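# Turn this into a model:
(2 chains)
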Protein chains: 2
Amino acid sequence: MDSRSTPDQADASRRAFLKSTLALGGAGLAVAAGTRTAAAEGDPKITELQDWNRYLGPGVDAAPYGLPSEFEKDVVRRDVPWLTADATSSVNFTPLHALDGIITPNGLCFERHHGGVAEIPPQDHRLMINGLVDRPMVFTMEDLYRFPRENRVYFLECAANTGMEWRGAQLNGCQYTHGMVHCVMYTGTPLRNLLNEAGLKSSGKWLLAEGADASAMTRSIPMEKALDDCLVAWKMNGEALRSEQGYPVRLVVPGWEGNMWVKWLRRLEVGDQPWEQREETSKYTDLLADGKARKFTFQMEVKSVITAPSPQAPVTHGKGRTVITGLAWSGNGTIRRVDVSLDGGRNWHAARIDPQSFPKAVHRFYYDFDWDGSELLLQSRAMDEKGFVQPTKEALRKVRGANSIYHNNGIQTWHLKTDGALENVEVS
Amino acid sequence: MDSRSTPDQADASRRAFLKSTLALGGAGLAVAAGTRTAAAEGDPKITELQDWNRYLGPGVDAAPYGLPSEFEKDVVRRDVPWLTADATSSVNFTPLHALDGIITPNGLCFERHHGGVAEIPPQDHRLMINGLVDRPMVFTMEDLYRFPRENRVYFLECAANTGMEWRGAQLNGCQYTHGMVHCVMYTGTPLRNLLNEAGLKSSGKWLLAEGADASAMTRSIPMEKALDDCLVAWKMNGEALRSEQGYPVRLVVPGWEGNMWVKWLRRLEVGDQPWEQREETSKYTDLLADGKARKFTFQMEVKSVITAPSPQAPVTHGKGRTVITGLAWSGNGTIRRVDVSLDGGRNWHAARIDPQSFPKAVHRFYYDFDWDGSELLLQSRAMDEKGFVQPTKEALRKVRGANSIYHNNGIQTWHLKTDGALENVEVS
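Numbers count the residues shown, from 1 in each chain, chains lettered A, B, ... in the order given. Here you go, the predicted structure:
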């Protein structure tokens, strides 16, 4: 076979090669660890021309705004109908089991809204700053676009993510147990730029952020955080915010619970104490065993989950070379280490953390191993830059009791069975 | 006004505040540099309840795979019908003027294909390695998924990007002059992993990459590059590659011209010299003034462009505080510096480069200034980590003549007029 060939010659040489290997009974092909060589079987998918090798496909005018392949139609956000009463105050989940890397595509970022999706013409939107400021102000979107901009990749996690797991393994899929997290690049202006424009009074210690949707979501934010790394953002992953993510403008509160990232942001009021709104008192508080509730538990703690294999992403290739992958994140900043266990937490192996990530963004980890086909109990455990280590669910329950919904960062277990199927289980 | 208010109180206090400022004739509102205060005019968009403040919007089951707001319907890929004969061998352009940050959303990544978009069922796709290897192999997609994975953010620029500008300012919009570049996070396995699996013979110096589409795109790649940072990639921005970007698998050749990033990758042949295929001889070569053509000019050189303001993104806010933003990139690695000129290259000002980027990815830059309303000639000029500086178009033509189409990295000029409109012009 000539070392250089035209496409036609290549077809001919491909057939010749395949014939010769077939003649050798596959002896010319090394079956490397876990990698099947379809050629050894004279696979017509490579020996014969396929339709897509011959016929012209759709042109560049087919999709001005592109969509995923029809073969990916199962990779969508999904809700759990019995979880909430009403689709307009409900949640759907990011299909983490089918994704990789650290960027969540905008079309797959989970949704949580309390009064449905507000559709606001950007030219009609206003953002007001009032309260303890020298100069109360109202901004149009065009006003906001004139402030200095920053771009930052951050995870957003709903405080209720993994909430159903407080009372044991319940939802059989990583999308449902952990899919209230996404991670995108935001473009906006630091919140401090707007507050400085209005002129903060020294008595201004708290900020109330209010949304323009029908739920009028309101949350109190300490001024120290507001002046630190919060953004008023109007783009995600390069394009305008999606409507369900607060178009035309939302608050970004890095590392803190998603409910505070007020969408459709219309008002920022500066005060001297928190407002004790519904969503920070009757909701988004942590009820302890003694009946007392912790409030203002804003930060999302160190957490990780194996996204594949997982109940919705079974092992279909049989034993041999296997990739375990997952996500780790922490409101404290970067992830320093992720360990993976194959035996329910008895022995731990250091996972490889992909280097391209950022503080308060998700980190992608991998653990490559040879599966011997036996049953395994898969777990991951993350440690963040401040040395905090993700706890077991058992350890969490000892401290927080059984009444909690929010802030479950416990270690998740997937039971891998001999047939490659997986199930959500708990080990103790 | 109480420093803490309920939403209802807030509505009341907002009205009171607006009334009082109106009573003061706006004197209570400082009109900061360039920031209009709509409140001073008693804007009903903030004083009165809007529909979206009252009525429930669509719920979480409305869009399993989400799309942009209806108000963003003009942010789409666009083609230039007269540029190419046929939509199946044509190009459309990323709307750079409407984007920000460094991530291009998958639906807006420009398309260039030579035989239309191949739609390949992933279970029917095969990737073959043959030629100067010890063990010729054929991989299914599932085989590929078992190799160790990496995630990397890279720009992809078509060699013909800005090609129409070789003969002077022609296309009136950044989307058309520079929109054959995009930047996403890829997930895949280093190409070297597959080559090592097949076992490279020491005589293997070049690689032929072949696509499975009807154009059977073929390009020769030096083995040194193939073993360095190339990826065989199956995901972009977390989800499966889009069909128009090579679903289910493409080659990623960081920093090198987009045509080499073979889509629908079906074959890798190892040889001892380049193949001299059509797309690396009659096309994708640089015809010099003396009639000779340079071939294998693979690398994309240091380049930048102001994306806004630009002809499709005029200044609509009048004079005062103005944000100039753009992109800079280089096949050599990172961008060390970007300068912006307001007067056609006489005086230069250091732009601010947003810190969250990566080598061989686009970098986002900003220059904030007060526009006095006069006519300006806006330019940007990038310098990369190896010290290469983006040249003027004039300097490029002196070296390369007037016959070129590819590899135009010259400095672009936008003429900003007093009414805020912009035009593509050349200065000398």
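# is stretch A:48-57 up against chain B anywhere?
Yes: legend: contact between stretch A:48-57 and chain B by Cβ under 8 Å from any Cβ of the partner chain is shown at A:50, A:52-57. Every residue, glycine included, has its C-beta placed from N, CA and C.
# so where's the stretch 151-300 of chain A shaky on pLDDT?
Nowhere does the stretch 151-300 of chain A drop to pLDDT under 70.
# Could you pick out the residues of it near chain B for me?
Contacts of the stretch 151-300 of chain A with chain B, taken as Cβ under 8 Å from any Cβ, map to A:151-153, A:184-187, A:197, A:199, A:203, A:208, A:210, A:212-214, A:216, A:218, A:235, A:237-240, A:242-244, A:247-248, A:264, A:266-267, A:269-277.
# Filter the residues you listed down to just the ones in helices.
Under the assignment DSSP state H, those contribute residue A:197 to helices.
# From the residues of stretch A:48-57 next to chain B, list the buried ones, please.
Buried subset of the residues of stretch A:48-57 next to chain B (neighbour count, 16 or more other Cβ atoms under 10 Å in any protein chain shown): A:50, A:52-53, A:56-57.
# Compile the residues you listed into JSON lines and extend it with columns for secondary structure and pLDDT.
Output for these, formatted as JSON lines (DSSP: H, G, I helix; E, B strand; the rest coil; pLDDT from 0 to 100):
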{"residue": "A:50", "secondary structure": "coil", "pLDDT": "93"}
{"residue": "A:52", "secondary structure": "helix", "pLDDT": "92"}
{"residue": "A:53", "secondary structure": "helix", "pLDDT": "92"}
{"residue": "A:56", "secondary structure": "coil", "pLDDT": "90"}
{"residue": "A:57", "secondary structure": "coil", "pLDDT": "90"}
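# Give the bridge partners for the closest residue to residue A:357 other than its chain neighbours, please.
Counting by Cβ to Cβ, 6 or more residues apart in numbering or on different chains, residue A:357 lies nearest to residue A:363, which is 4.6 Å off, once chain neighbours are set aside. Beta bridges link residue A:363 to residue A:328, judged by DSSP bridges.
# quick one: contacts for residue A:363?
Counting by Cβ atoms under 8 Å, 6 or more residues apart in numbering or on different chains, residue A:363 makes contact with A:102, A:327-329, A:334-335, A:338, A:353-354, A:357.
# What's the local residue count around residue A:117?
28 (other Cβ atoms under 10 Å in any protein chain shown).
# any idea of the pLDDT on it?
pLDDT, residue A:117: 95.
# so who does the residue nearest to it when sequence neighbours are not counted touch?
Leaving aside its sequence neighbours, residue A:117 sits nearest to residue B:57 (Cβ to Cβ, 6+ apart; 4.1 Å). Residues in contact with residue B:57 (Cβ under 8 Å, 6+ apart) are A:88, A:113, A:115-119, A:213-214.
# May I ask which two of these are separated the most?
In the contacts of residue B:57, two members sit farther apart than any others by Cβ to Cβ. They are A:88 and A:119, at 13.0 Å.
# Those two: which has the busier surroundings?
Neighbour count, other Cβ under 10 Å: between residue A:88 and residue A:119, residue A:88 has more, with 22 against 17.
# For that one, report the pLDDT, please.
Reading off the model, residue A:88 has pLDDT 74.
# mind giving me the domain ranges of chain A?
According to automatic domain parsing, chain A comprises the domains A:7-24+A:31-48, A:86-294, A:303-425.
# Tell me how far the last one lies from the chain's centre.
It refers to domain A:303-425. 14 Å (Cα atoms, centre = their mean, to the nearest Å).
# before we move on, the earlier item: restricted to helices, list the contacts of residue B:57.
Among the contacts of residue B:57, no member lies in helices (by DSSP H).
# Same list (the residues you listed) but as CSV, adding distance to residue A:417.
Output for the contacts of residue B:57, formatted as CSV (distance: Cβ to Cβ, whole Å):
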residue, distance to residue A:417
A:88, 39
A:113, 37
A:115, 43
A:116, 41
A:117, 40
A:118, 45
A:119, 46
A:213, 44
A:214, 46
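# Spit out the contact partners of the nearest residue to residue A:305 once chain neighbours are set aside.
Nearest residue to residue A:305, sequence neighbours excluded (Cβ to Cβ, 6+ apart): residue A:178, at 4.5 Å. By Cβ under 8 Å, 6+ apart, the contact set of residue A:178 is A:96, A:161-162, A:305, A:307, A:327, A:412.
# Using TSV, lay out the buried ones among the residues of stretch A:48-57 next to chain B together with distance to residue A:66.
Output for these, formatted as TSV (distance: Cβ to Cβ, whole Å):
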residue	distance to residue A:66
A:50	23
A:52	18
A:53	23
A:56	18
A:57	13
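# Contact partners for the closest residue to residue A:64 other than its chain neighbours?
Excluding its sequence neighbours, the residue lying closest to residue A:64 (Cβ to Cβ, 6+ apart) is residue B:76, at 3.6 Å. Residue B:76 makes contacts with A:64-65, B:95, B:108, as judged by Cβ under 8 Å, 6+ apart.
# for residue B:76, phi and psi?
phi -140, psi 160 (degrees, to the nearest 10).
# Could you measure from residue A:347 over to residue B:98?
Per Cβ to Cβ, to the nearest Å, residue A:347 is found 51 Å from residue B:98.
# neighbours around whichever residue of the stretch 101-250 of chain A sits closest to chain B, how many?
At 3.2 Å from chain B, residue A:116 is the closest residue in the stretch 101-250 of chain A, using Cβ to the nearest Cβ. With neighbours defined by other Cβ under 10 Å, the count for residue A:116 comes to 24.
# do you know how far the residue nearest to it when sequence neighbours are not counted is from residue A:215?
Among residues not flanking residue A:116 along the chain, residue B:57 sits closest, at 3.2 Å (Cβ to Cβ, 6+ apart). Taking Cβ to Cβ as the measure, residue B:57 falls 10 Å from residue A:215.
# Quick check: neighbours shared by those two?
Contact criterion Cβ under 8 Å, 6+ apart; residues shared by residue B:57 and residue A:215: A:113, A:115.
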